[in-house]
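Q: I need the structure of the sequence given here:
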Amino acid sequence: MKTLEHMEITFLAVFLAIIVGVPLGIIVSKNEKAGQLILGIANVFQTIPSLALFGFIIPIPIIGGIGYRPAVFVLFLYALLPIIKNTYLGLKSVSPAVIESARGMGMTSKQILFMVSLPLAFPIMMGGIRVATVINIGTATIAALIGAGGLGDFIFAGISMSDPGIIMAGAIPTTILALTVDYLLGLIETKFPVRTFGHLVLRPGMGKRFLIVALTLILLISGGYMWFNHNDDRIMIAQKNFTESRIMAQLLSVLIEENTDLKTDVRELGGTMPTFEALKNRDIDMYVDYTGTGYVNILKIDGEIPPTDEVYERVKDEYQKRFNIHWLQPLGFNNTYTLAVPKELAAQYQLKSYSDLAKISDQLVMGATAEILNRPDGLPGLQSLYEMEFKEIKVLDPGLRYNAVENGDVQVIDAFATDGKLKELNLIILEDDQEYFPPYYAVPLVTDEVIKQHPEVQPLLEQLGGVLDDLTMQELNYRADVEKENLRQIATDFLQQQGLVQQN
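A: All right, here's what the predicted structure looks like:
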């Protein structure tokens, strides 16, 4: 299923890029001023990092959001440049003498284009199409971060959980798919009867027929994807790209499906901002977030952090007023940010608190996630408060930071207090003795629309209030990250233990 999703997203994007890119390449070859503008625009899209472009597109109306549509649009933009450029280079490589000979034989400009220039340029044009397709097959893995599915789901889950097996489950099929498609396109490059195709195009009425065929193919591919991924009246649940968020999403999903007639669809959307934007735009219906994240990152409230209850009440009221989003009952655990070090290092320097760490920070390398480096309540403010100055800071994926500290590449990492890897690696959590980080109590967020359309959902989810403490959440994360248990099974087991789901 994931391979099929990957193929559909990639092939539709490339197909659209061929339909648009080849005519643009022809224009570039014939009009120098227009050509510079077209190539310049295509170059701009190509130079924007793919991860950034996927993130930028989420809040944009019509083409944005999450899922299939924005993923195809971004991949379409990435495929344009090699197709336009190789079409232009292929046409420019045709000898002027050949063109003149054709003109001398009485051929029209259209006949020269379709029966002489394009057939001679075809191998170079196909080179661009092959490059665009292979690049897009790889780039499409990033589309998993905006809920488009595909083989990237395996890769990002595997990285987050430090599980090479899950990574390979996505990487190997992606590689095989890219090599297979490149081989098949190579056969088309050498075997396709280009000249015969040129004759067909020039027949009366054939242009309209080719247009109809092209549109039919687009509809079939996109329609097929939508058929296999249609949501009916499903509840869309999002998860962020770390283990705890994935477990929370499965808790919501299992609880709803086992106690109602509703079906759910769980999508991974990367970090905080893409997930929140998707909820605000109603591309998703619910997810679990943290009070500190809502207070600092989304609402951007400055000043001294109030007590825990006040933080919760403030975000609850503000979200309802501004976004028509409900904060339900907190689940019970506080997954605050913390700094962790190996037990041996803590013993060597008698490290118990952040203040102790600050005294030797210039001798240590820190491994930090990109999010904590950019959050208003993140590392810059922490360093300023405690006067920390690390020897070096390495930006790492949430899952890879544990590999880095285990291998000795870094000596300090940012972590969540409930991470299962803390237990496995026997890391020491240091005390935030000046109380820099706000409370991060996990809470389900649900849109007004879901509560109105499905009134049974809110009281059901409210039953999760207070059912988890820090140690229990750490144990669930441990089962996922270390013991590699199935996330849905972990969620089901816990809900059955709490009597919220009947045992089979």
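Q: secondary structure class for the closest residue to residue 300 other than its chain neighbours?
A: Sequence neighbours aside, residue 376 is the residue nearest to residue 300 in space, at 6.5 Å (criterion: CB to CB, 6 or more residues apart in numbering). For the C-beta atoms, the positions are set from N, CA and C on the backbone; glycine is no exception. Three-state assignment for residue 376 (DSSP: H, G, I helix; E, B strand; the rest coil): coil.
Q: quick check: residue 376 touching residue 297?
A: Yes. Assessed by CB atoms under 8 Å, residue 376 is found in contact with residue 297 at 6.6 Å.
Q: and those two? Which one has more around it.
A: Between residue 376 and residue 297, counted using other CB atoms under 10 Å, the more crowded position is residue 297 (21 against 12).
Q: tell me what the helix or strand containing residue 265 is packed against?
A: Using DSSP states H and E, residue 265 sits within strand 264-268. Counting contacts by 3 or more CB pairs under 8 Å, 6 or more residues apart in numbering; DSSP states H and E, strand 264-268 packs against helix 152-160, strand 235-239, helix 243-259.
Q: partners of that strand, with directions?
A: strand 235-239 (parallel) (DSSP bridges).
Q: where does the stretch 201-350 of the chain have low pLDDT?
A: 201-215, 217-232 (pLDDT under 70).
Q: can you give me the helices in it?
A: For the stretch 201-350 of the chain, the helices defined by DSSP state H, counting those that start in this stretch occupy 206-229, 243-259, 272-280, 291-292, 308-323, 343-349.
Q: and stretch 290-303, what's buried?
A: Buried residues in stretch 290-303, counting neighbours by 16 or more other CB atoms under 10 Å, are found at 290, 291, 292, 293, 294, 295, 296, 297, 298, 301.
Q: which pLDDT value belongs to the spatially most central residue of the chain?
A: For the chain, the residue whose C-alpha lies nearest the mean C-alpha position (CA atoms, centre = their mean) is residue 145; its distance is 1.0 Å. In this model, residue 145 is scored at 76, pLDDT.
Q: residue 177 versus that one, what's the distance?
A: Distance of residue 145 to residue 177, computed by CB to CB, to the nearest Å: 19 Å.
Q: hang on, the earlier thing: now for the closest residue to the residue nearest to the centre of the chain other than its chain neighbours: which residues touch it?
A: Setting aside the residues directly before and after it, residue 145 is nearest to residue 270 in space (CB to CB, 6+ apart), at 3.9 Å. By CB atoms under 8 Å, 6 or more residues apart in numbering, residue 270 lies in contact with 55, 145, 146, 240, 241.
Q: what do you get for residue 350?
A: Contacts of residue 350 by CB under 8 Å, 6+ apart are residue 356.
Q: one more: the one 3 residues further on?
A: Contact partners of residue 353, counting by CB under 8 Å, 6+ apart, are 430, 431, 432, 433.
Q: do that again at 7 Å, thanks
A: Contact analysis of residue 353 by CB atoms under 7 Å, 6 or more residues apart in numbering lists 430, 431, 433.
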